[in-house]
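# Quick one, what's the 3D model for this:
(chains A and B)
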Number of protein chains: 2
Amino acid sequence: MKTIAAVRRWRAGAAGPVVLVPTMGALHAGHVSLMEKAREEAGPGGAVIVSIFVNPTQFGPKEDLGRYPRPWEADRAKCARLGVAAIFRPEPGEMYADDRSTWVNEEAVSQGLCGASRPGHFRGVATVVLKLFNIVDADAAVFGRKDLQQCRVIARMVRDLDVPIRLVWGETVREADGLALSSRNVYLSEEERRQAPALRRGLLAARAAFRKGEERAARLRAIVAREITSQPLATVDYIEVVDGSSLAPVKRARRGDAIALAVWFGKTRLIDNVEM
Amino acid sequence: MKTIAAVRRWRAGAAGPVVLVPTMGALHAGHVSLMEKAREEAGPGGAVIVSIFVNPTQFGPKEDLGRYPRPWEADRAKCARLGVAAIFRPEPGEMYADDRSTWVNEEAVSQGLCGASRPGHFRGVATVVLKLFNIVDADAAVFGRKDLQQCRVIARMVRDLDVPIRLVWGETVREADGLALSSRNVYLSEEERRQAPALRRGLLAARAAFRKGEERAARLRAIVAREITSQPLATVDYIEVVDGSSLAPVKRARRGDAIALAVWFGKTRLIDNVEM
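As a prediction, the model looks like this:
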């Protein structure tokens, strides 16, 4: 379906629970796991709808909107194989009027971390996700934990605006060497790809130190940084120890806190996190 | 009902269409006419729900939040008489978490006019109205045309965020001498009250001039201003000739444009408008 009207007609005809998986397409095994989770949530009488929309308003002017992968036929095949009932893949003109002027601004959880490096990103995310919620009128929506800050921003928005939807978090899916799956991994050169698992190694090393009693955020950050900066092609954007819910930086880590990071490999920015 | 949960239970049990009339209480004949319109919209099988919430986030720090009238028993009686099925009157703590951080910002229609005099006002309005829409899940909502800019901001928000609700506009109800009904009219001294109908007289004089061929906005504004400034207790906040939809100021008036104004009488700010 390419139009909002078509989605609303489809929704009106759906009998059981409807579960939405919002994506930007370029579906990988991480998305597949979200779709499988959505299938479980929907139950035997329910339906899963996947949205595929490379949302321009969440990309900065110098970001990778233009080159973001859009393998539509492969995406469609994956959805079909997984028993997805419907796909909503609008063009930007269907989602945004030329004179659009309304934005959803989450002003706390979206500060810092990726919000600091990507001004306007979470405004774009919150706005398009609310639009998708309003268009689909789903009972639940599934998001991947890899995008930790996105999860927390959406949870805050849903709470603050009383959005009638249940949020479900899917676990991060990884390559055998620990690299979190991302549609952006295709940008990596062979050598960058070899170095990228350092993100996960650093996070696991810090979590191990935490479990052995290290609570000082500065020390935990240093453990992560050491692993990553040992890779010559990696440039750290941020490494932060944060409260698991508000994502505010903490000085001493406690159970439920998280370590989040973003790292550049050339023009490719990768993110990952671990909860403690 | 004082809780969101109670409203949602009530909504789940409603069989026919539900029509919402959002108010700040202190209900007058203008609200009554909105409720009657809501009854018509709901039809014989439907239900009208009125919200009464003096929303703190749409008041500026020096505005009249504290003294805004809250005649609950009289409001309840009026709703009962009009066959309103339910009233939602939450305390601020039910609507806003202490760490709330999400706002709906409409950035075009809310500029200028009252938006210029009342920074943050329409952010508060858009946010609380979206929350009410999400809480009540109404099929339609009724707003009064006296608050022209509020109507346009909400219409833009509903369009931009794909909010699944039908908007209905109710006509302004006036005293015999033309003063638009407002819960704030009770603030007026006897002498201010005597002078206040100049707002309406000025707007009607300008509309009459327009109908006779005067299109120049500057001339139309001067006609309104002359009438109002002849009242010694009146201080003009703004008088603008605007596009009827975007509310952008125009140089030459056309059919469908509007003249909007705000005028101070002492500490009381009155607004009115006329569509041409």
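
# Quick one: residues contacting the residue nearest the centre of chain A.
By CA atoms, centre = their mean, chain A has its centre lying nearest to A:Asp147, at 3.3 Å. Counting by CB atoms under 8 Å, 6 or more residues apart in numbering or on different chains, A:Asp147 touches A:Ile271. Backbone N, C-alpha and C define where each C-beta goes, glycine included.

# let's go with 10 Å and repeat that
A:Asp147 makes contacts with A:30, A:114, A:125, A:153-154, A:169, A:172, A:180, A:182, A:271, A:273, as judged by CB atoms under 10 Å, 6 or more residues apart in numbering or on different chains.

# and if you look at A:Gly60?
A:Gly60 sits in contact with A:117-121, A:124, where contact means CB under 10 Å, 6+ apart.

# Could I have the buried ones of the residues you listed as ChimeraX selection syntax?
Of the contacts of A:Gly60, the buried ones can be selected in ChimeraX as follows, counting by 16 or more other CB atoms under 10 Å in any protein chain shown:
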select /A:118,120,121,124
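
# Please enumerate the strands of chain A.
A:18-23, A:47-52, A:86-88, A:102-106, A:140-144, A:166-170, A:234-242, A:258-265, A:268-275 (DSSP state E).

# that older thread, now tabulate the contacts of A:Asp147 in CSV and tack on pLDDT.
As requested, those are arranged in CSV below (pLDDT from 0 to 100):
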residue, pLDDT
A:Gly30, 98
A:Cys114, 96
A:Val125, 98
A:Val153, 98
A:Ile154, 98
A:Trp169, 98
A:Thr172, 98
A:Ala180, 98
A:Ser182, 97
A:Ile271, 98
A:Asn273, 98
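
# Which of those fall within helices?
A:30, A:114, A:125, A:153-154 (DSSP state H).

# Chain B next: which of the residues you listed are close?
A:Val153 (CB under 10 Å from any CB of the partner chain).

# Neighbours of A:Glu190, how many?
Around A:Glu190 there are 6 other residues, counting by other CB atoms under 10 Å in any protein chain shown.

# A:Val125 too?
The tally of other residues near A:Val125 (other CB under 10 Å) stands at 26.

# got it, and A:Arg226?
Residues near A:Arg226, counting by other CB under 10 Å: 13.

# And A:Ala205, by the same measure?
Other residues lying near A:Ala205 total 16 when counted by other CB under 10 Å.

# Equivalent analysis for A:Trp169, please.
A:Trp169, neighbours per other CB under 10 Å, totals 16.

# so what's it up against?
Shown in contact with A:Trp169 (CB under 10 Å, 6+ apart): A:34, A:37, A:142-145, A:147-148, A:151, A:154-155.

# would JSON lines of those residues with distance to A:Ala77 be doable?
JSON lines is the format used below for those (distance: CB to CB, whole Å):
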{"residue": "A:Leu34", "distance to A:Ala77": "17"}
{"residue": "A:Lys37", "distance to A:Ala77": "20"}
{"residue": "A:Val142", "distance to A:Ala77": "20"}
{"residue": "A:Phe143", "distance to A:Ala77": "23"}
{"residue": "A:Gly144", "distance to A:Ala77": "20"}
{"residue": "A:Arg145", "distance to A:Ala77": "26"}
{"residue": "A:Asp147", "distance to A:Ala77": "24"}
{"residue": "A:Leu148", "distance to A:Ala77": "29"}
{"residue": "A:Cys151", "distance to A:Ala77": "28"}
{"residue": "A:Ile154", "distance to A:Ala77": "28"}
{"residue": "A:Ala155", "distance to A:Ala77": "32"}
